[in-house]
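Participant: the sequence and its predicted three-dimensional model are supplied below.
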Amino acid sequence: MKYTVLGTNYVIRLDAGEKIVATLLSLCERDGIGSGFFNGLGAVGEAEIGHFDPATGDYSWVKLSGSFEIAALYGNISVVDGNPFIHAHASLGDETFAVRGGHLREATVSATCEITLTRFNDDIGRKRDEATGLFLLDLKPGEG
Amino acid sequence: MKYTVLGTNYVIRLDAGEKIVATLLSLCERDGIGSGFFNGLGAVGEAEIGHFDPATGDYSWVKLSGSFEIAALYGNISVVDGNPFIHAHASLGDETFAVRGGHLREATVSATCEITLTRFNDDIGRKRDEATGLFLLDLKPGEG
Amino acid sequence: MKYTVLGTNYVIRLDAGEKIVATLLSLCERDGIGSGFFNGLGAVGEAEIGHFDPATGDYSWVKLSGSFEIAALYGNISVVDGNPFIHAHASLGDETFAVRGGHLREATVSATCEITLTRFNDDIGRKRDEATGLFLLDLKPGEG
């Protein structure tokens, strides 16, 4: 990983072989980033994406292996038990330009991955929700 | 909806049953948000997405029902006749990880939806364009 | 192109016939934007997207012609040899809502295209990498 910090923004480059989620987590841990969001592009060779079924409360997973363009990548940063937590979704395009997408567990960079990350001031927590079994953002109710 | 405000940024959580566009509109109305952008992820059970055909000037629509990951969600905020207006596009991945995408009319959250929204200082208007029949951003010409 | 500047953010509108990458480049050149990121939505009629194969070091390209919704568009801005450089990836949905995605070489707007762009303070460079032949972001190593 290489990066530069411009105010509250990070510009990050990951190289071949680096794992996107794990590398971002290590950056957040080192710099104490407890909330924010990021977008990215690039190419990955291995990826695992998931699909959540609310009826069963389970994820199904697929491991992709080959050559994929990151057609879309967005994630947010929060804190669980004092540790940074990345929640990211991605769309991946194969050599036919077909796109598969879902919850991004992890992906390994093949050529390069470029990420812009905007850091917020305060930490955002995340707590286990009894109803879904998911770790949801721990925010105050609004009058939506 | 639950949310927190961090400077000019909002971190928003929508829960099962909440409509994404309608809920964001209500937040913008209450807080007087007249311009900005947002990205999001999560899962939805119902969604209606559209495809605009410039040749006919009409949208075709599809209503999706099932279990979908938000593979990408981006939108902007403007003001029409004094009311907030959301323009959002989305990519939705089904249980086979296939992705369908287009203009997002509305979607109903199934598990959770997490949105980061950056608010700009001044309102941006939107006006009906005679040529297309669409409501376009009301901006000044630049020397592109 | 029409646009407004709100602090460090641009709200940009492109109209039918305008090329997204070329128009953004001209804006960056005129305003001296040397780093930042953007997201966008809208509809395009022509687009060329690429897929990079790390094994061969080559891109394969497809030219799309028809009617496409921008299901996702994200890019970053850097500087190469003193000139602004746009690196963007996109997902495009056709009239069946099927999505194709990859590296965006160029796309021509059909109805409208709306982009929010956040400008960073300092320039980010990009240099040719001998190993891949790609122009990669010129950043300092981090302890990922």
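Facilitator: Here it is on my side, so go on.

Participant: where does the residue lying closest to residue A:61 once chain neighbours are set aside land on pLDDT?
Facilitator: Counting by CB to CB, 6 or more residues apart in numbering or on different chains, residue A:61 lies nearest to residue A:50, which is 4.8 Å off, once chain neighbours are set aside. In this view, the C-beta of every residue, glycine as well, is placed from N, C-alpha and C. Residue A:50 carries a pLDDT score of 98 in this model.

Participant: show me where chain A has helices.
Facilitator: For chain A, applying DSSP state H gives helices covering A:20-31.

Participant: okay, now the unreliable bits of it?
Facilitator: A:142-144 (pLDDT under 70).

Participant: what about 90?
Facilitator: A:131-133, A:140-144 (pLDDT under 90).

Participant: quick check: longest strand of it.
Facilitator: Longest strand in chain A, counting residues (DSSP state E): strand A:58-80.

Participant: between that one and strand C:58-80, how big is the angle?
Facilitator: If you take axes from the mean of the first three to the mean of the last three CA atoms, to 10 degrees, strand A:58-80 sits at 10 degrees to strand C:58-80.

Participant: buried residues in strand A:58-80, which are they?
Facilitator: A:64, A:67-79 (16 or more other CB atoms under 10 Å in any protein chain shown).

Participant: for stretch A:94-112, same thing?
Facilitator: A:94, A:97, A:99-112.

Participant: strands of chain A, residue ranges please.
Facilitator: Going by DSSP E, chain A shows strands at A:2-6, A:9-15, A:36-53, A:58-80, A:83-93, A:99-119, A:126-128, A:135-137, A:140-141.

Participant: so the first one, near chain B or not?
Facilitator: Okay, so that is strand A:2-6. No. On the criterion CB under 8 Å from any CB of the partner chain, strand A:2-6 is out of touch with chain B, staying 15.7 Å away.

Participant: and that strand, which strands flank it?
Facilitator: Applying DSSP bridges to the sheet, strand A:2-6 is found paired with strand A:9-15 (antiparallel), strand C:140-141 (antiparallel).

Participant: quick check: the residue nearest to the spatial centre of chain A vs residue A:77, distance?
Facilitator: For chain A, residue A:88 is the residue whose C-alpha lies nearest the centre (CA atoms, centre = their mean; 2.8 Å). Distance from residue A:88 to residue A:77, counting by CB to CB, to the nearest Å: 10 Å.

Participant: out of the strands of chain A, which is closest to residue B:41?
Facilitator: With CB to CB as the criterion, residue B:41 lies closest to strand A:83-93 of the strands of chain A, at 4.0 Å.

Participant: partner strands of the closest one and their direction?
Facilitator: Strand A:83-93 is paired, per DSSP bridges, with strand A:58-80 (antiparallel), strand A:99-119 (antiparallel).

Participant: okay, angle between the last one and helix A:20-31 too, please.
Facilitator: Meaning strand A:99-119. 10 degrees.

Participant: how far off centre is strand A:99-119?
Facilitator: Counting by CA atoms, centre = their mean, to the nearest Å, strand A:99-119 is centred 7 Å from the centre of its parent chain.

Participant: for residue A:109, which residues make a bridge with it?
Facilitator: Here residue A:109, judged by DSSP bridges, has bridge partners residue A:44.

Participant: wait, it sits on residue A:45?
Facilitator: Yes. The criterion here is CB atoms under 8 Å, and residue A:109 meets it with residue A:45 at 7.5 Å.

Participant: okay, and the common contacts of those two?
Facilitator: Taking CB atoms under 8 Å, 6 or more residues apart in numbering or on different chains as the contact definition, residue A:109 and residue A:45 share the neighbouring residues residue A:16.

Participant: residues contacting residue A:74?
Facilitator: A:37-39, A:88-90, B:39-41, B:72-74, C:74.

Participant: any chance of those in TSV, plus distance to residue C:59?
Facilitator: Converted to TSV, those look like this (distance: CB to CB, whole Å):
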residue	distance to residue C:59
A:37	29
A:38	25
A:39	22
A:88	25
A:89	25
A:90	20
B:39	27
B:40	30
B:41	28
B:72	22
B:73	28
B:74	25
C:74	18
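
Participant: might one say that residue A:97 is in contact with residue C:62?
Facilitator: Yes. Using CB under 8 Å, residue A:97 is in contact with residue C:62, at 5.8 Å.

Participant: which residues are common contacts for the two?
Facilitator: C:49, C:100.

Participant: tell me which residues touch residue A:137, please.
Facilitator: A:78, A:124-126, B:2, B:11, B:13, B:112, B:114.
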